[in-house]
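Chemist: any chance you could fold what I've pasted below:
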Amino acid sequence: MIDRNFFLNRIETKFQDLNAINKMNEQLDNYFLALENYKLEKNNYQINDKVKLKKGTLMHGTIKNGNELQDIKENGILASILINDRQSKYPSAVGVWNLKWDISLQDYINFYSGGTLEMLSIKGERKTKVIPYNEMQNIIEEISKDDFIFRWKMEQTKEARFMPSLVQNKIQIAFIINGNNEYIENLKKGDILNQNYLDDNIVKNFVNENYYEQFIKERQNKDDFFTNRESAILFGIPSCFIEGILVGREYEKNSNILKEIKKIFPECYICNLDELVIRV
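Modeler: The predicted structure follows:
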């Protein structure tokens, strides 16, 4: 089980700025407040039920499996700087996708398995838009109808890179995190992508130094590339909020892996890319 004193010492070691230490300690307090008081309600899903996601739900994809999943169960999803994990753009935070609307899991997967389109006018004006997976085949026709567009380019959505999707098999697991209770709301406030939470000077402590200048510009001017669909939560998120596991096509077909996931997270349902519950 996570050791509070270990992480207090870790924070003191990793940060020199007092403001940064205080912010990390606030999140540590919120983390333990949730861990000690929140109990996830039992879900009512049955096999082949369709999964519905509520506004505020958080999603987090991972390449981890086996003993690493056991660590997440015991200690939660923690920032890489705290556990000497692979460094990211936000080593002091955990990246999550923060749903802004009620949506079926199938519609959500269809949405993020598409592409992000950047459109420029002949005057240099810029627009962006997400094209869902089921509309990708119509993209040339749609672009040709838009008189605004002089030049355009497209890339996969960020979600499609970091969660199980219809367009790649590298990521096979995502956690579905209950985001609708007072304890997770306290943790959500520690989002470094929200410029109202931390000013540019303090947030510098929590961002990869090679990315900081670009980060400041993008954080102030969000679009469909640097989106308001994502959050980066300081310190981490306890596993007590994990209510479901989304698996990709490879894991869906592997009964041994599904059995292992269910053993580690017995209270969670497991669902597939068709939005269907396959284990309860």
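Chemist: centre-most residue in the protein?
Modeler: Among the residues of the chain, Val96 comes closest to the average C-alpha position under C-alpha atoms, centre = their mean, at 1.9 Å.
Chemist: let me see the ranges of the strands in the stretch 101-250 of the chain.
Modeler: Assigned strands in the stretch 101-250 of the chain, in chain order: 103-104, 115-120, 126-131, 151-156, 173-177, 230-234, 236-237, 242-247 (criterion: DSSP state E, counting those that start in this stretch).
Chemist: out of those, deepest packed?
Modeler: Most buried of those, by mean neighbour count (mean count of other C-beta atoms under 10 Å): strand 236-237, with a mean of 26. For the C-beta atoms, the positions are set from N, CA and C on the backbone; glycine is no exception.
Chemist: neighbouring contacts of it?
Modeler: Where contact means C-beta atoms under 8 Å, 6 or more residues apart in numbering, the residues beyond strand 236-237 that reach it are 27, 31, 58, 60, 76-79, 82, 94, 96, 177, 184, 187.
Chemist: helices of the stretch 151-280 of the chain, start to end?
Modeler: Defined through DSSP state H, counting those that start in this stretch, the helices belonging to the stretch 151-280 of the chain, from first to last, are 158-162, 182-188, 200-203, 212-220, 249-252, 255-264.
Chemist: of those helices, flag the one that's most buried.
Modeler: Between the helices of the stretch 151-280 of the chain, helix 158-162 has the highest mean count of neighbours, a mean of 21, where neighbours are mean count of other C-beta under 10 Å.
Chemist: how about the CA coordinates for that helix, as CSV?
Modeler: Extracted C-alpha coordinates of helix 158-162, given in CSV (Å, rounded to 0.1, in the frame of the first residue of the first chain):
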residue,chain,number,x,y,z
LYS,A,158,-4.3,12.4,-29.1
GLU,A,159,-6.8,10.0,-27.5
ALA,A,160,-6.2,7.5,-30.4
ARG,A,161,-2.5,7.5,-29.6
PHE,A,162,-2.8,6.8,-25.9
